[in-house]
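**Student:** Give me the fold of what follows.
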Amino acid sequence: MYAPYDLLGWFAAIRGLEGETERGARCAVCFRFRLEKAFAYASEHGFAYVASTLSISPSKVTAQINEQGKALAEKFGIAFLAENFKKKNGFLVSRRQGKELGVKHQDYCACVYSKVERLLSRRR
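**Tutor:** Predicted coordinates for the structure are as follows:
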């Protein structure tokens, strides 16, 4: 089950950070925004833990994700699994297993600015 995608709320949250590059301040705000939605859902449905698969990406700073997750864990009283899924070739393992299982791997984190940045860099 997926929560509704709140694009307008996301744009409001990152307003003023549009020019930040990947791994910058915009990412920390985005992680907070998205993880807060996950924690709210977990709270409403009685989950004991929240985690993020974003730490598997070589393009993400795991410390940014974990910092936001830990702060929200305190706020909501729900544990956060602060992992770095890149360890032990996690990214490559996930790609291989995903391919075997027919799971699509998204090539960006859902940030429209990150997507544009990636597309422009491919053109160069």
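
**Student:** hang on, residue 61 packs against residue 22?
**Tutor:** No - the criterion here is Cβ atoms under 8 Å, and residue 61 misses it with residue 22 at 9.5 Å. Every C-beta, even on glycine, is put in place using the N, C-alpha and C of the backbone.

**Student:** State the phi and psi torsions of residue 16.
**Tutor:** Taking degrees, to the nearest 10, you get phi 90, psi -10 for the backbone angles of residue 16.

**Student:** which residues touch the nearest residue to residue 86 once chain neighbours are set aside?
**Tutor:** Nearest non-adjacent residue to residue 86, counting by Cβ to Cβ, 6 or more residues apart in numbering: residue 56, 5.9 Å away. Contacts for residue 56 (Cβ atoms under 8 Å, 6 or more residues apart in numbering) come out as 85, 86, 90, 91, 94.

**Student:** Phi and psi next, for the last one.
**Tutor:** Recorded main-chain torsions at residue 94 are phi -60, psi -40, according to degrees, to the nearest 10.

**Student:** what about it, distance to residue 52?
**Tutor:** For residue 94, the distance to residue 52 equals 13 Å [Cβ to Cβ, to the nearest Å].

**Student:** what about the two, which has more around it?
**Tutor:** residue 52 (21 against 17; other Cβ atoms under 10 Å).

**Student:** Walking through this protein, point out its helices one by one.
**Tutor:** Secondary structure of the chain, counting by DSSP state H: helices at 7-14, 25-44, 62-76, 90-101, 112-123.

**Student:** Need these in CSV (columns: mean pLDDT).
**Tutor:** Putting these into CSV (pLDDT from 0 to 100) gives the following:
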stretch, mean pLDDT
helix 7-14, 94
helix 25-44, 95
helix 62-76, 97
helix 90-101, 90
helix 112-123, 84
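
**Student:** mind listing what residue 90 touches?
**Tutor:** Residue 90 makes contacts with 56, 84, as judged by Cβ under 8 Å, 6+ apart.

**Student:** center of the protein - which residue?
**Tutor:** residue 54 (4.3 Å; Cα atoms, centre = their mean).

**Student:** Wait, that one touches residue 31, no?
**Tutor:** Yes - in this structure, residue 54 is within contact of residue 31 by Cβ under 8 Å, at 7.1 Å.
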